[in-house]
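Visitor: Everything below, folded, please.
(one chain, ligands or ions: 1)
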Amino acid sequence: MKLNITNETSRLRAVVLGTALSNGPIPKIEEAYDPKSIEHIKAGSYPKEADMVAEMEAVAKVFEKYDVKVFRPQIIENYNQIFARDIALVIEDKFIKSNILPDREKEIKAIQYVIDEIDSKKVYKAPSEDIHFEGGDIIIHNDHIFIGTYKGDDYSDCIVARTNMKGVEYIRSLFPNKIVKEFDLNKSMDNPRDNALHLDCCFQPVGKNKAIIHKEGFRNLDDYRYLVDFFGIENLFHIDKDEMYYMNSNIFSISEDVVISEKNFTRLNTWLRSLNIIVEEVPYSEIAKQEGLLRCSTMPLIRD
Ligand SMILES: NC(=O)NCCC[C@H](N)C(=O)O
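Guide: This is a model prediction of the structure:
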């Protein structure tokens, strides 16, 4: 398989879509690794496997409609494998395995059969364990790579900080010809409305020259201003704290003109349609309870 990913919006041809099958029992609070899951565990509203499976099948159907080749992870019994995005990433023709949160490190085994189809010279793994990064923090935008990180002193105690500056430097070392820009994100282990878990939870390019953004996700306002200067304020769709909480920036593009979005994202979907983008609406509010949405649960392999 010849990989090719140079941005978030070129026509999609092949993708890994996570699975909610055998997701395991409701985690104990101390087993959860994001504040929104904890909120739902406490409230007794943690999502049911059958509901999440149905939501992901709706996404699979959209891919079928657009003739996208879909790979699913093999099932690891009682293990969360929904968020395929984070376990590895493709940039150009390179497949880079993430150094992910230890709670999630088994997930990669389940797509080994996909990795086996890629030229082994194109498969990368960071050389040491202190280099941290997850795919949700890394957004490729043509000659730029945007990376979410966390520069706080408490990084090592913060399970919602998944990409460190060593991770940023590692990705930079693999792509010397690209401009790599990192963004310091706000993290909160107890309030999901204050937690930009990954860069794709507060920012994502869409369409031809637009992007969705949550200003308050950025710890350093200069990072937010960089994106305003880059895209132009008129091309940014700003989402508020509640919209970030429901993961409005985490939709997924099949092309510049076709987006998969959550059916309750009324304001966002109206904006997308005003840009002549076709919005394929799916129900994804149960998956969203685990602090991830459509970008988080997909890992593109080939785009035009
Ligand atoms: N790219 C993403 O933002 N992924 C979402 C991962 C959610 C999962 N509960 C986690 O904390 O790892």
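Visitor: Identify the residue nearest the residue of the stretch 101-250 of the chain found nearest the ligand in space, chain neighbours excluded?
Guide: Using Cβ to the nearest ligand atom, the closest approach of the stretch 101-250 of the chain to the ligand is made by residue 136 at 2.2 Å. Backbone N, C-alpha and C define where each C-beta goes, glycine included. With Cβ to Cβ, 6 or more residues apart in numbering as the criterion, residue 136 has its nearest non-adjacent residue at 3.1 Å, and that residue is residue 198.
Visitor: Check residue 98 too.
Guide: Nearest-residue entry for residue 98: residue 134, 5.0 Å, with adjacent residues in sequence omitted and distances by Cβ to Cβ, 6+ apart.
Visitor: Number of residues surrounding residue 299?
Guide: Residue crowding around residue 299 was assessed by other Cβ atoms under 10 Å; the count is 26.
Visitor: can you pull the contacts of it?
Guide: With contact set as Cβ atoms under 8 Å, 6 or more residues apart in numbering, residue 299 has these partners: 15, 16, 84, 85, 87, 88, 89, 90, 135.
Visitor: Now do it, the pLDDT please.
Guide: With respect to pLDDT, residue 299 scores 98.
Visitor: Could you report the distance from it to the ligand?
Guide: Shown here: residue 299 relative to the ligand, a distance of 10 Å by Cβ to the nearest ligand atom, to the nearest Å.
Visitor: what bridges to that residue?
Guide: For residue 299, the beta-bridge partners under DSSP bridges are residue 16.
Visitor: what's the spacing between it and residue 247?
Guide: Distance of residue 299 to residue 247, computed by Cβ to Cβ, to the nearest Å: 17 Å.
Visitor: can you check residue 157 too?
Guide: To residue 247, residue 157 is 25 Å away according to Cβ to Cβ.
Visitor: Neighbour count for those two, which is higher?
Guide: A direct count of neighbours by other Cβ under 10 Å for residue 157 and residue 247 places residue 247 higher, at 29 against 9.
Visitor: pretty sure that one is touching residue 202, no?
Guide: No: using Cβ atoms under 8 Å, residue 247 and residue 202 do not qualify as a contacting pair, with a distance of 9.8 Å.
Visitor: Can you name the residues of the protein sitting close to the ligand?
Guide: 33-34, 37, 83, 85-86, 136, 197-198, 200-201, 290-292, 296 (Cβ under 6 Å from any ligand atom).
Visitor: Please repeat the previous calculation with a cut-off of 5 Å.
Guide: Applying the criterion Cβ under 5 Å from any ligand atom, the portion of the chain that neighbours the ligand consists of 33, 34, 83, 85, 136, 197, 198, 201, 290, 291, 292, 296.
Visitor: Make a markdown table out of those residues and add secondary structure and pLDDT.
Guide: Converted to a markdown table, those look like this (DSSP: H, G, I helix; E, B strand; the rest coil; pLDDT from 0 to 100):
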| residue | secondary structure | pLDDT |
| --- | --- | --- |
| 33 | coil | 95 |
| 34 | coil | 96 |
| 83 | coil | 98 |
| 85 | helix | 98 |
| 136 | helix | 98 |
| 197 | coil | 98 |
| 198 | coil | 98 |
| 201 | helix | 98 |
| 290 | helix | 98 |
| 291 | coil | 98 |
| 292 | coil | 98 |
| 296 | coil | 98 |
